[in-house]
Structure formats: structure tokens, C-alpha cells
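*Asks:* structure of the sequence below:
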Amino acid sequence: MSDDDFEPKLGRIGKAKAGKSRRYLGLVVAAAARAGKVLGKPGRRFDGSRIGRGAAVGRLLSSRDRYAAFRSRRAVVKTRLVRLGGKGIAGARAHLRYLQRDSVTREGKPGRLYSAGEDHADGKAFLDRSAGDRHQFRFIVSAEDGAEYEDLKPLTRRLMAQMETDLGTRLDWVAVDHFDTGHPHTHILLRGVDEHGANLVIAREYIAHGLRARAAELVTLDLGPRTTREIEARLRREIGAERLTGIDRKLLRAMDAERVVTSADRDPFQQSLRAGRLKTLGNMGLAEELGGGRWRLAGDLEATLRAMAERGDIIRTMQRELTARRLAREGADRAIFGGDPDQAPVVGRVVARGLADELRDKHYLLVDGVDGRAHYVDIGLGSATAPLPEGAIVRVSAREASVRDADCTVAEVAAANGGHYSVEFHLRYDARASEAFAETHVRRLEAMRRAGAGVEREPDGRWRIAADHIDRAAAYEARQLRERPVEIELLSPVPIEQLARADAATWLDRELAADRPAPLRDAGFGREVRAALDVRRQWLVEQGLAEDRDGQLRVRANLLAALQRRELLRVAGELSDELGLPFAEVRSGDRIEGRLARRLDLTSGRFALIEKSKEFTLVPWRPALEKQIGKEVGGIMRHDGVNWRVGRGRAGPEVS
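*Replies:* Predicted coordinates for the structure are as follows:
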């Protein structure tokens, strides 16, 4: 090319002429997809599954001899890629603490980290090395015959060494072995960088097939191939299993358009398996016998069997947790809460909180209800629910995913203003609306923006609203429901044993003063609450805070306020000695200014400690204040709480 052929392109470096520039990888994927269409081979269309390290090995292992795979020992590998940006490293730290919790070894001791060269690895050092990483891989490796191993460390180290060979790089990892379930398994945390510090990208094909195949190879090498007798014994156990089995999958593949399948098979053993399983499915109401060895499978067979397996896992989890805490009562009812927005709320004591899905951070809560039953509650993502002390009393209610009135109002205001929303546009659209009311819509949009729900804020403070805003709001609500399917209200952070004679406003007092108290069954936790209420009634009469008139308890009109003030003054006296500052009591209408020092968990509830230069005060706590600890806040005390303005100068967002 001569100098005359050079043509400069004006503009900022990297700026496209028009539209948004595309990443190089995106251009490659698009070109490969177009090439697949041109060649007329849609089955081989490029999907990115072979991008990254280990693609060739994964493809090779996934296509190996099926009979050899049938004879090999089985292993399950679950994989999750976690982004470490923002609060990701804090989540990794919490996950590591969970993996090293008590009672996970064979001896019931805490889990112990190890690595390729150390039997006692330093988890803090591993997280410090991971601080700048973009992502982290988390694996759960479980061999079907893992109980045959006295120690899983050598197997894990050989697996990770093989993975290094397959990926062509050294790996930085730590692992913990767990023996607290019926299937011993290993949790592996792998840094998302290669030996040169670049981002480690592992091909999806290797993650989906390669790692599992390598684990199965090693177990087969250690224990030998499965014998015919072992394979047949496992298949016979599947005949009566209340879960989706390999036999069911074969039946589903063999059924016709009318969902009819026959028990006949050329192999006598396979025929007996099919016949036995179809009989079991018929007893479950999931198959209908048509005669002549023909059966019609139920349309919801697969979903029902998966649900049955999940329910079985839940029941076993409940039994284990209740037995460990000596709460497993003979004949006690067990219930699974959730799935129905109209379901009555559950009030009870927190028994335990744990991980339902360790890989996806899905948590559960066990609640010993006042109705005498133990309830299993799916609470969604662990980060969506604040920690709850064991023994605390809570009310759990189901959430419902629905578009809010605020979403409809935003869409209407934006439609009248060229697809834009602002407080100014809102007040102009609805003269009856107040500025504070319009700002609640801004907070809703900000929450959607942070969740990536397709809402954009422009530099001038206006919001760009899409034409399908209602649909986006519905999708946002559905995602929120999956992450947090229930609402948990903390009724008392203090256990029931400490409430009967507490000199404070307790949950028992609120129940005694309520028009419709929670119904109590004379069994389990309900019986404990009844006994505590009897003691509390006597204590209130002794304190002159209630009267017993012909067997009916009449409490003072200001009972709760009086008891709460007693506790606040008592705690304030202790804090005054600690801080060297006098306590300033606030009343409705008073303005509050100062630094949010910390949260206090009292018997009467949770309170915020606000420090000023010459005094301090205590006001009701709100969950939204958690992120503002240490910052300057301001607000006005109302009868139902505080309307807050957070941030220096209190020009930040309002929390109400």
C-alpha cells in the first residue's frame, strides 16, 4: 500500500461511525452463525460452547464409547461461575465460611480446607489472591461410590491435576470434603485466572462433559469397572423409587404421540424393569394400563416425579435438623410452605437456616410454628434475606409477583412526555400528586435500573422509559419473586424463654393487646407460647400494667409505649456511660440529625443509634438503613417511624 492510499478517519479513538460498536467476539459468533446458515447445516451452528480451554478434550470425552461409559463408575459434577465484582468477594467469603461449618466431617467436626500441596490451606490467603479476579468457579464433585473412599483428598488432587493437563495451565484452588449427606462430596473453589494472571475461560463442552468424565475415569480406575451384578442391582432399586429414574427417561423416549408405551423389550431383564416400573407408576397415578402390556403415561409424569424427589429431600432435611436440635416430636406434622400467594402466614420460632442448593446459594428456613407443625420455607437467595438469630420469632408470608400501580403511572407519564419520566413531568401530569409521592416512583425506577430491568437514567435526571415498560416491570417482579419468594417479618429477636418476664415491650404483649392474635395449637411451639402468655399476664398484673377482671385481662391503653420507653431509658443509661454523651429522647414531629452509628437489637425491637456532637438518640430501625451505617442522616420523627434523608447534606434519597 502506498502513502497515497492512506485515508485518516476522524473522531475519537475506538468510536464507531454509527451505532454501538460490537466486541470482536460478538462479530466472530455472528459470522460463524451466518456461515452455518449458508452451508445449510443448522445442526452444526456455532454456539460458543467450544470457546475456551479444554474444548477438544471435552468433545473427545463426550463422544467416547457408550458401553465403556455404561461400565464406568458414575460421578456427578455441578458447576457454577460466580462474578466477583462489587460485593462478589464478600459473597465468596461467606460461602467459604459455610463450607467450613461444623458437623461436615465423618467425626462431626468443622470442614477443613486443603489445596494441591497443603492439607491445611489458608482460606483468607486464597481470598486475598482472588481479590482482583473477575470470576470464580465453584464445583461440587460427588462420586456414586464415594463412601468407599476413606479420604477424598487424593482423588480431588488427581482430578485437579488432570484438569490442569486438559486446560494447559496451572490452577489455583482450595477444596473441602463433606460427609454430612448420604453421598460424600467435595466442594472445590477455583480462581478464574490462569498461570499468567489472565482470565481463565473454560469451554462449556469441557464443563458439561469433560470434568465429569475425568472424575468417573479416576473412580473407575480406583474401584474397578461396575460389574453386571452391581448395575442390575442399581436398576432394580429404581423400580420403586419416588423420583425420575433412568427407566422413566427410556420410557419417555419410547412413547408415541399418544404417550402410549409398551413394557415389551428384547432383553428379558430390561423387560422386567419396564414392567415393574410401569406398575409402580400406575400405583402412583402416573400411568394408565391399557391392556396387552400397553400403558399411557401421564402428561405431568416428569414434573411430578421431580417434585416428589424434591419433597423427599426436604423431609429428610427437616428430620435431620429437628433431630439434631431434639425437636423431632413423635407424630408431629411437617409442612412445606410456599407456592400459593393465598397461603396463610406462618408464625413461629426459627429452628435452623441452611442451604437448599449449595451451588446457587438457595437457602431454606425451618420454622417451628404456633400451629404445632414444623414448616420448611424456601427463602430464595441467601443474600436477599438478612441473618436471623436462632430462636427468633418470625412471621412468614408468601410474596406475589404483580405489576405495581407505580409502574402503570410511570408508563402513563412517560407516554405523555415522549417516553421520559421525571418528578416534574409527574407533577405536571397529575396536579393532585405530591413531590414525596412522585419520589417513590423514582425509587422504584432506581431499583429496577440496578437490577438491569431495562430502565435508563439520563444525565439530566430524567428517566428513559421503554414502550413495553409494563412487561419489563412484570419480568422484574418475577425475577424478584424467584430470588425472594417470601416476606419474613421479625416479631422478636429474643427467644420465647426470655419474653415472659422481660421489662420491655415484647411480642407477647402485642399478642395480648391485638384484636386478632395468632391462633395457638396446644402442641409443640404453640403450647410453649400459651405457657409464656400465662406467665406474662401474671407479670403485667404484678407491674400494674394490666387488670384481671373476672378472668379477662384488661391491659393499659399505652402498654406497649410504656414498656418500650422503660427499655429505651434503661439501655440509653448504659450507652450514655459508654459514649460519654447524654441521651436525648425524641417525640413525634422532632427533627433528627446526626451520624448513624449502629443498629441495636432490643427486646422491644430494632433501633438506630444516632450520634451528634453533644448527645445521642435512639429511633426505630428500618432495613434500608443497613447500607447507611457510618453516614450522616436526617429525618423527621412520625408516629409510625422516621422519614429519613440519607447522605451528606441530606440531599440524597428518602427512606420512608
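*Asks:* so who does the closest residue to Asp300 other than its chain neighbours touch?
*Replies:* Leaving aside its sequence neighbours, Asp300 sits nearest to Leu286 (CB to CB, 6 or more residues apart in numbering; 7.9 Å). Where you see a C-beta, it was placed from the backbone N, CA and C, and this is true even at glycine. Taking CB atoms under 8 Å, 6 or more residues apart in numbering, we find Leu286 in contact with 297-298, 300-301, 304-305.
*Asks:* could you flag which of these are buried?
*Replies:* Burial by neighbour count, 16 or more other CB atoms under 10 Å: within those this picks out 297-298, 301, 304-305.
*Asks:* rewinding a little: measure the residue nearest to Asp300 to Asp133 for me?
*Replies:* Distance from Leu286 to Asp133, counting by CB to CB, to the nearest Å: 47 Å.
*Asks:* same question, Glu439
*Replies:* From Glu439 to Asp133 the distance is 38 Å (CB to CB).
*Asks:* neighbour count for the two, which is higher?
*Replies:* Neighbours were counted for Glu439 and for Asp133 using other CB atoms under 10 Å; Asp133 has more, 21 against 15.
*Asks:* touching, the more buried one and Leu189? I think so.
*Replies:* No: applying CB atoms under 8 Å, one finds Asp133 not in contact with Leu189, separated by 11.0 Å.
*Asks:* closest one to Glu232 out of the buried ones among the contacts of Leu286, please.
*Replies:* Set against Glu232, the nearest of the buried ones among the contacts of Leu286 by CB to CB is Leu305 (21.9 Å).
*Asks:* tell me who's in contact with that closest one.
*Replies:* Shown in contact with Leu305 (CB under 8 Å, 6+ apart): 242-245, 248, 286.
*Asks:* closest one of those to Asp371?
*Replies:* Glu242 (26.7 Å).
*Asks:* neighbours around that closest one, how many?
*Replies:* 13.
*Asks:* got it, and Leu499?
*Replies:* For Leu499, the tally of surrounding residues (other CB under 10 Å) stands at 21.
*Asks:* contact partners for it?
*Replies:* For Leu499, the contact set (CB under 8 Å, 6+ apart) comprises 492, 506-508, 532, 536, 603.
*Asks:* with Asp522 instead?
*Replies:* By CB under 8 Å, 6+ apart, the contact set of Asp522 is 372, 530.
*Asks:* which SS state does it fall under?
*Replies:* Secondary structure, DSSP: H, G, I helix; E, B strand; the rest coil: Asp522 is coil.
*Asks:* that older thread, out of the contacts of Leu499, which sit inside helices?
*Replies:* Counting by DSSP state H, the contacts of Leu499 place 507-508, 532, 536 in helices.
*Asks:* so which of those residues is the most crowded?
*Replies:* Trp507 (26 neighbours).
*Asks:* let me know the pLDDT of it.
*Replies:* Predicted confidence (pLDDT) for Trp507: 95.
*Asks:* make 427 the first number, not 1, from now on.
*Replies:* Yes, from this point I'll number from 427; that puts the last item at Trp933.
*Asks:* going by distance to Val881, which of the contacts of Leu712 wins?
*Replies:* For the contacts of Leu712, the nearest to Val881 is Asp726 (37.3 Å; CB to CB).
*Asks:* I'd like to know how far the closest one sits from Arg737.
*Replies:* Asp726 is 15 Å from Arg737, by CB to CB.
*Asks:* same question for Gly1015.
*Replies:* With the distance defined as CB to CB, Gly1015 ends up 53 Å from Arg737.
*Asks:* among these two, which residue is more densely surrounded?
*Replies:* Ranked by neighbour count (other CB under 10 Å), Gly1015 and Arg737 place Arg737 first, with 14 against 9.
*Asks:* host element of the more buried one?
*Replies:* helix 727-750 (DSSP states H and E).
*Asks:* which is the succeeding secondary structure element to that helix?
*Replies:* strand 760-763.
*Asks:* within its sheet, name the partner strands of that next one and how each one runs.
*Replies:* Strand pairing for strand 760-763, using DSSP bridges, gives strand 800-807 (parallel).
*Asks:* go through stretch 650-657 and flag the buried ones.
*Replies:* So for stretch 650-657, counting by 16+ other CB under 10 Å, buried means Arg652.
*Asks:* pull the distance from that stretch to the chain's centre.
*Replies:* Mean-position distance between stretch 650-657 and its chain equals 39 Å (CA atoms, centre = their mean, to the nearest Å).
*Asks:* I'd guessed Val836 sits against Arg870; true?
*Replies:* Yes: counting by CB under 8 Å, Arg870 is a contact partner of Val836 at 7.4 Å.
*Asks:* compare the two (neighbour count), which wins?
*Replies:* A count of neighbours by other CB under 10 Å puts Val836 above the other of Val836 and Arg870, at 26 against 18.
*Asks:* now Arg485: closest residue in space that isn't a chain neighbour?
*Replies:* Glu631 (5.5 Å).
*Asks:* so that neighbour, which state does it fall into?
*Replies:* helix.
*Asks:* isn't it up against Ser489?
*Replies:* No: in this structure Glu631 lies outside contact range of Ser489 using CB under 8 Å: 10.4 Å.
*Asks:* more crowded one of these two?
*Replies:* Higher neighbour count among Glu631 and Ser489: Glu631, with 21 against 9, using other CB under 10 Å.
*Asks:* and that one, how far is that from Met589?
*Replies:* Taking CB to CB, one finds Glu631 at 14 Å from Met589.
*Asks:* and for Gly806?
*Replies:* 32 Å.
*Asks:* just Pro943 next, same as before
*Replies:* Pro943 is 59 Å from Met589, by CB to CB.
*Asks:* got it, and Ala879?
*Replies:* In this view, Ala879 and Met589 are 37 Å apart by CB to CB.
*Asks:* name the residue in these two with the higher neighbour count.
*Replies:* Of the pair Ala879 and Met589, Met589 is the one with more neighbours under other CB under 10 Å, namely 24 against 17.
*Asks:* give the helix, strand or coil label for that one.
*Replies:* Classification of Met589 by three-state DSSP places it in helix.
*Asks:* that one reaches Leu597, doesn't it?
*Replies:* Yes: applying CB under 8 Å as the test, Met589 and Leu597 come out as touching, 6.5 Å apart.
*Asks:* residues contacting Tyr540?
*Replies:* Contacts of Tyr540 were listed using CB under 8 Å, 6+ apart, and they are 546-547, 579, 582, 600-602.
*Asks:* quick check: beta-bridge partners of it?
*Replies:* Counting by DSSP bridges, Tyr540 is bridged to Ala601.
*Asks:* shaky segments in the protein?
*Replies:* Scanning the chain for pLDDT under 70 picks out 427-452, 454-476, 490-496, 512-513, 754-758, 765, 785, 1066, 1071-1082.
*Asks:* how is it carved up into domains?
*Replies:* Residue ranges for the domains of the chain, per automatic domain parsing: 446-470, 481-649, 655-725, 748-822, 831-909, 987-1081.
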